[in-house]
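1. coords please:
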Amino acid sequence: MTLKRATWEAGSVVVLEHDSKILRGNALGDPHVRKLAVWLPPQYNEGATRGRGRRFPVLYDMVGFMGSGLSHIAWRNFTENIPERAARLIHEKAMGPAIIVLPDCFTALGGNQYVNSSAVGDYADYLTQEIVPFVDREFRTLASRDHRGCFGKSSGGYGAIIHGMKYPKTWGAIADHSGDAYFDFVYWHDWPNTLNELSKYRVNPVKPGPIDVTKLEKGADAGIDDGRVKRFLDAVWGKPKLSMAEGHAIMNLCMAATYDPDPKAPNGFRLPFNLETGELIPERWKRWRDNDPVNLVTKYRSHLQSLRGIYIDCGSRDQYHIHYGTRILSKRLHEADIAHRYEEFDDNHSDVDYRMDVSLPFLYKALKPA
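-> Down below sits the predicted model:
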């Protein structure tokens, strides 16, 4: 833990407002005008006059589920927010000065995976086609992929590795902390709990006595909402707080909306499990597996090989079992001859921002100017 007694320069946080054409009219009705936080290192204004001066590498923070970039500039007790951490690392000479961008990608479903989805919004395009050019116009960045990287934890870690795979013209290096991988472990085990939560919102509660399951499950084997998902969402959107079960349920629904969007389906997406029997729907689950990083390494091998740095880590006691997925991901990268650094540490999934003491210097080293 770090006491709040820093004596070094803190840099400065600038909060801008960006009007997104890409997010305008998104299916969830989320705001298209967003706050964008940008941290400038202490060295940013040294010797700068009239917009001229030294240019800096840029790191983009992809915040995890239920979070926003703005939360990473907030004060934290007994530890550091992102600007404080970066300022200390620069002071300690663990890394050089870099600009850090903290976008707001929160949605009504609790977040997103930084990919394009007709049911959630085109957040990959939002970042790569709007936010990156906007930041390069507004600040003295080294405006090329060779000096631009992204990092994140959990959903943000997933976003980082996926962006490294799909958008190598935008990103030169990535850091993936405990990013979702090996969906057969990470998501599958929690869906029974989500089905139980959704069952509270069925039209006709199951009554004691004989049940005709074939009638009960009519339509449920196609991954179509019979109305309970919509009623659940309407209910939780109106609550002052969510229970842990509700939070996990909305997360799984967000993943369904991300990985299996269908504009013709209720709510704009399909479900991967039969709402009544809990049976896997193979066609639907295939859509999820098609988005699993462990299954995408071969497809994006050349893109990954072009990156200047790939960093991955995970706690060896991750309560969502993500360490198995990151191990498989590292294995697949090794088999594809893709250079990367993989580390594990003795901890779980929660409160592991201290691992950025490793990843931020790694990214800076990969992206610093010659």
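
2. Now do Ala6, the pLDDT please.
-> With respect to pLDDT, Ala6 has a value of 79.

3. Please report how far it lies from Ile90.
-> As judged by Cβ to Cβ, to the nearest Å, Ala6 and Ile90 stand 12 Å apart. No exception for glycine: its C-beta is placed from N, CA and C like everyone else's.

4. try Ile161
-> 26 Å.

5. Looking at those two, which is more packed in?
-> Neighbours per residue (other Cβ atoms under 10 Å) separate Ile161 from Ile90, with Ile161 holding more: 28 against 22.

6. That one falls within a helix, correct?
-> Yes: assignment of Ile161 by DSSP: H, G, I helix; E, B strand; the rest coil places it within a helix.

7. That one contacts Gly179, correct?
-> Yes: if you go by Cβ atoms under 8 Å, Ile161 and Gly179 touch, sitting 5.4 Å apart.

8. Name the residues contacting each of the two.
-> Taking Cβ atoms under 8 Å, 6 or more residues apart in numbering as the criterion, Ile161 and Gly179 both touch Pro293, Ile312.

9. which residues touch the lowest-mean-pLDDT helix or strand in the chain?
-> The weakest-scoring helix or strand in the chain, judged by mean pLDDT, DSSP states H and E, is helix 213-216 (a mean of 84). Residues outside helix 213-216 that contact it (Cβ under 8 Å, 6+ apart) are Val206, Glu276, Thr277.

10. same thing but at 7 Å, please
-> Applying Cβ atoms under 7 Å, 6 or more residues apart in numbering, the contact partners of helix 213-216 are Glu276, Thr277.

11. do stretch 76-83 as well
-> 1-2, 10-11, 13, 39, 61, 72-75, 88, 100, 102.

12. out of those, which are inside strands?
-> Val13, Trp39, Asp61, Ile100, Leu102 (DSSP state E).

13. For the last one, list each beta-bridge partner.
-> This points to Leu102. Leu102 forms beta bridges with Ala37, as assigned by DSSP bridges.

14. Would you confirm that it contacts Ser71?
-> No: here Leu102 does not reach Ser71: they are 8.6 Å apart, not a contact under Cβ atoms under 7 Å.

15. Neighbour count for those two, which is higher?
-> Neighbours around Leu102 and Ser71, counted as other Cβ under 10 Å, are more numerous at Leu102. The numbers are 25 against 17.

16. ok, now how distant is the more buried one from Val358?
-> Applying Cβ to Cβ, the value for Leu102 to Val358 is 19 Å.

17. What of Gly157?
-> 14 Å.

18. The two - which one has more neighbours?
-> Per other Cβ under 10 Å, whichever of Gly157 and Val358 has more neighbours is Gly157, with 28 against 17.

19. Run a quick neighbour tally on Pro240.
-> Pro240, neighbours per other Cβ under 10 Å, totals 4.

20. next one: Trp237
-> Neighbour count for Trp237, taken as other Cβ under 10 Å: 11.

21. rewinding a little: helix or strand next in line after the least confident helix or strand of the chain, which one?
-> Using DSSP states H and E, the helix or strand that follows helix 213-216 in sequence is helix 228-237.

22. and that following helix, what other elements does it pack with?
-> helix 191-199, helix 244-259 (3 or more Cβ pairs under 7 Å, 6 or more residues apart in numbering; DSSP states H and E).

23. Quick check: which ranges of the stretch 251-370 of the chain have low pLDDT?
-> Along the stretch 251-370 of the chain, the model assigns pLDDT under 70 to no residue.

24. Provide a complete list of residue ranges assigned to strands in it.
-> 309-315, 341-345 (DSSP state E, counting those that start in this stretch).

25. Repeat that for the stretch 51-200 of the chain.
-> Along the stretch 51-200 of the chain, the segments classed as strands by DSSP E, counting those that start in this stretch run 58-62, 99-103, 116-117, 121-122, 148-153, 173-177.

26. As CSV, those strands with mean pLDDT would be great.
-> Shown next, in CSV, are the strands of the stretch 51-200 of the chain (pLDDT from 0 to 100):
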stretch, mean pLDDT
strand 58-62, 98
strand 99-103, 98
strand 116-117, 98
strand 121-122, 98
strand 148-153, 98
strand 173-177, 98
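
27. just the ones you listed: most buried one?
-> Comparing the strands of the stretch 51-200 of the chain on average neighbours per residue, with mean count of other Cβ atoms under 10 Å, the densest one is strand 173-177 at a mean of 30.

28. Identify the residues contacting that strand?
-> Residues from elsewhere that reach strand 173-177 (Cβ under 7 Å, 6+ apart): 149-153, 157, 160-161, 163-164, 307-313, 352, 355, 359, 362-363, 366-367.

29. can you do 6 Å?
-> The contact list for strand 173-177 (Cβ atoms under 6 Å, 6 or more residues apart in numbering) reads 149-151, 153, 157, 160-161, 164, 307-313, 355, 359, 363, 366-367.

30. How about stretch 129-145?
-> With Cβ under 6 Å, 6+ apart as the test, stretch 129-145 has contacts from 18, 20, 22, 53, 55, 57-58, 99, 101, 103, 169-172.
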